[in-house]
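Student: Provided below are the primary sequence and the corresponding predicted coordinates.
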Number of protein chains: 2
Amino acid sequence: MNISTLCLAILSFGDATGYDIRKLSMEGSFSYFVDASYGAIYPALSKLADESLVTVRDEMQPGKPARKVYSITDKGRQELERSLNEPLQPDRIKSEFLLAALCAEYIDRDRMAEHIDQRIEQIHSQIDEFETIAEQDCSGERHEPTRWAVDFAHAMNEAKLAFLTTNRDRILACARPRRSREAAE
Amino acid sequence: MNISTLCLAILSFGDATGYDIRKLSMEGSFSYFVDASYGAIYPALSKLADESLVTVRDEMQPGKPARKVYSITDKGRQELERSLNEPLQPDRIKSEFLLAALCAEYIDRDRMAEHIDQRIEQIHSQIDEFETIAEQDCSGERHEPTRWAVDFAHAMNEAKLAFLTTNRDRILACARPRRSREAAE
DNA sequence: CACGTTATATGCTTTTTTGATATATAGCGG
DNA sequence: CCGCTATATATCAAAAAAGCATATAACGTG
């Protein structure tokens, strides 16, 4: 799936600026499974506008920089529908952490512990973050698919957490016993 | 982390060609958490060779196209170690499926069922695949970090599977009840 | 035998990421 | 109050990576 589909999907929930889309894909309910940079979003939006899949309106705010608010069109919704009907790519995970774990022998034991603990913390804060989202989203309209995706993310995060805490020592044992570098870091 | 580090990491396990690296990152024990295309790997290897982090040797095989076998150097190992010591980027997940789930209302119910079942099957075959890898790897030397990563992947896959089977109906209920398109697909 | 698959590598085009730049406003530490 | 940083907003260029086509050669299979 390309950025265009992502933009259409987000716009199908309501009008947004490029900035909003970026934010949703980095923090909001989308953040668990997408990632998009400005450099991808803005060109995608322009292209979508050229194809009349979205419309733009300039909103001048006194003082502030003007914002371009995008709305999905009927044609856009049809295109979104079409995309969602195509075969879906399998999920992909990119994890520097697992690569590091595989190379545990090259990492000092204390450093490895830091890596793991950092990971655990990250998951904790993501869980919190999503709980906040769930509350917000569900207090009002309670959009069930959003709720479903948030629950999905929660389940995954809990499983990861469980694995990491249970198997912490096991990977630490593979790391390099610290030698002369005790003071070095 | 960039492709270069991935190449160094893989080469730290033994010599390999660009083709091998690609394969490992698509099928082998690395496939759960990395992804690399030829267009990224080959240039990365050339660059690494320029910097003497790896060496190349041409292996002419009679008839077959020559292969370039890469080996990591001491300098390369140091660089790998350095990379692994840097702060690790958080894990990223890209899932077209979850985006589709979020847009369930735009998808016909039967189609959605297909999407889910396909996902479930995929996970099953990944689990099988990894079990094979685990057996192979562990019969011989039993490289514990590899085992750890495989177990990690297994735990995640099981959790995902559990969620999907348990919450299948819940998302199906959000999908669009099929209308006049019963025959259309 | 024609064709598909595996092994192997290169080059080109398109997408995406990354990072710099620009502007305006609000809040905070000193 | 001043300068700094953060937030909101958008653009552009450069570097990285993905994706795809192409080439060669062996091996299998219908």
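Tutor: Looks like it arrived, so ask away.

Student: how many residues are close by A:R82?
Tutor: 11 (other CB atoms under 10 Å in any protein chain shown). From N, CA and C alone the C-beta is placed, and that goes for glycine too.

Student: quick check: which element contains it?
Tutor: Using DSSP states H and E, A:R82 sits in helix A:74-85.

Student: what sits closest to A:A173 if chain neighbours are left out?
Tutor: Distances taken as CB to CB, 6 or more residues apart in numbering or on different chains place B:E144 nearest to A:A173, at 7.6 Å, with adjacent residues excluded.

Student: and the one you found, what does it touch?
Tutor: A:A104, A:R170, A:A173, A:C174 (CB atoms under 8 Å, 6 or more residues apart in numbering or on different chains).

Student: which stretches of chain A have low pLDDT?
Tutor: Low-confidence segments of chain A, defined by pLDDT under 70: A:61-65, A:136-140, A:179-185.

Student: nearest residue to the middle of it?
Tutor: A:S31 (2.5 Å; CA atoms, centre = their mean).

Student: how close does that one get to B:A66?
Tutor: 46 Å (CB to CB, to the nearest Å).

Student: same deal with A:L161?
Tutor: Counting by CB to CB - A:L161 and B:A66 are separated by 48 Å.

Student: show me the domain layout of chain A.
Tutor: A:3-85, A:96-172 (automatic domain parsing).

Student: next, format these as JSON lines and append distance to B:V56.
Tutor: What follows is the domains of chain A, written out as JSON lines (distance: least, CB to CB, whole Å):
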{"stretch": "domain A:3-85", "distance to B:V56": "34"}
{"stretch": "domain A:96-172", "distance to B:V56": "22"}
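
Student: DNA strand D is nearest to which of those?
Tutor: Taking CB to the nearest atom of the strand, domain A:3-85 is the member of those nearest to DNA strand D, at 3.4 Å.

Student: state the number of residues packed around the residue in chain A that chain B sits nearest to.
Tutor: For chain A and chain B, the shortest gap (CB to the nearest CB) falls at A:A159, measuring 3.4 Å. For A:A159, the tally of surrounding residues (other CB under 10 Å) stands at 20.

Student: my reading is that it lies in a strand. Confirm?
Tutor: No - membership of A:A159 in a strand is not supported by DSSP: H, G, I helix; E, B strand; the rest coil, which gives helix.

Student: contacting residues for the residue nearest to it when sequence neighbours are not counted?
Tutor: The spatial neighbour of A:A159 that comes closest, neighbours along the chain excluded (CB to CB, 6+ apart), is B:A159 at 3.4 Å. Contact analysis of B:A159 by CB under 8 Å, 6+ apart lists A:A155, A:M156, A:E158, A:A159.

Student: quick one on the thing from earlier: A:L161 and B:A66: who's more crowded?
Tutor: Counted by other CB under 10 Å, A:L161 and B:A66 do not tie: A:L161 has more neighbours, with 16 against 9.

Student: still on that earlier bit, of the contacts of B:A159, which are in range of DNA strand D?
Tutor: Filtering these for proximity to DNA strand D by CB under 7 Å from any atom of the strand leaves nothing.

Student: could you export those residues as JSON lines, including distance to A:K75?
Tutor: Converted to JSON lines, the contacts of B:A159 look like this (distance: CB to CB, whole Å):
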{"residue": "A:A155", "distance to A:K75": "36"}
{"residue": "A:M156", "distance to A:K75": "35"}
{"residue": "A:E158", "distance to A:K75": "41"}
{"residue": "A:A159", "distance to A:K75": "41"}
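
Student: and those residues, which are buried?
Tutor: With burial judged by 16 or more other CB atoms under 10 Å in any protein chain shown, the buried subset of those is A:A155, A:M156, A:A159.

Student: which SSE is the second one in?
Tutor: This points to A:M156. Secondary structure (DSSP H and E) places A:M156 in helix A:144-166.

Student: export that helix to PDB, keeping only CA atoms.
Tutor: Listed in PDB are the C-alpha atoms of helix A:144-166, where the atom choice follows Å, rounded to 0.1, in the frame of the first residue of the first chain:
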ATOM      1  CA  GLU A 144     -15.700   0.000  16.600                       C
ATOM      2  CA  PRO A 145     -13.000  -0.600  14.000                       C
ATOM      3  CA  THR A 146     -10.700   1.900  15.700                       C
ATOM      4  CA  ARG A 147     -11.400   0.200  18.900                       C
ATOM      5  CA  TRP A 148     -10.600  -3.100  17.300                       C
ATOM      6  CA  ALA A 149      -7.300  -1.900  16.000                       C
ATOM      7  CA  VAL A 150      -6.400  -0.400  19.300                       C
ATOM      8  CA  ASP A 151      -7.200  -3.700  21.000                       C
ATOM      9  CA  PHE A 152      -5.100  -5.400  18.500                       C
ATOM     10  CA  ALA A 153      -2.100  -3.200  19.200                       C
ATOM     11  CA  HIS A 154      -2.700  -3.700  22.900                       C
ATOM     12  CA  ALA A 155      -2.700  -7.500  22.600                       C
ATOM     13  CA  MET A 156       0.600  -7.300  20.600                       C
ATOM     14  CA  ASN A 157       2.200  -5.000  23.000                       C
ATOM     15  CA  GLU A 158       1.300  -7.200  26.000                       C
ATOM     16  CA  ALA A 159       2.600 -10.200  24.300                       C
ATOM     17  CA  LYS A 160       5.900  -8.500  23.500                       C
ATOM     18  CA  LEU A 161       6.200  -7.200  27.000                       C
ATOM     19  CA  ALA A 162       5.600 -10.700  28.400                       C
ATOM     20  CA  PHE A 163       8.200 -12.200  26.200                       C
ATOM     21  CA  LEU A 164      10.800  -9.500  27.000                       C
ATOM     22  CA  THR A 165      10.300  -9.800  30.800                       C
ATOM     23  CA  THR A 166      10.300 -13.500  30.800                       C
END
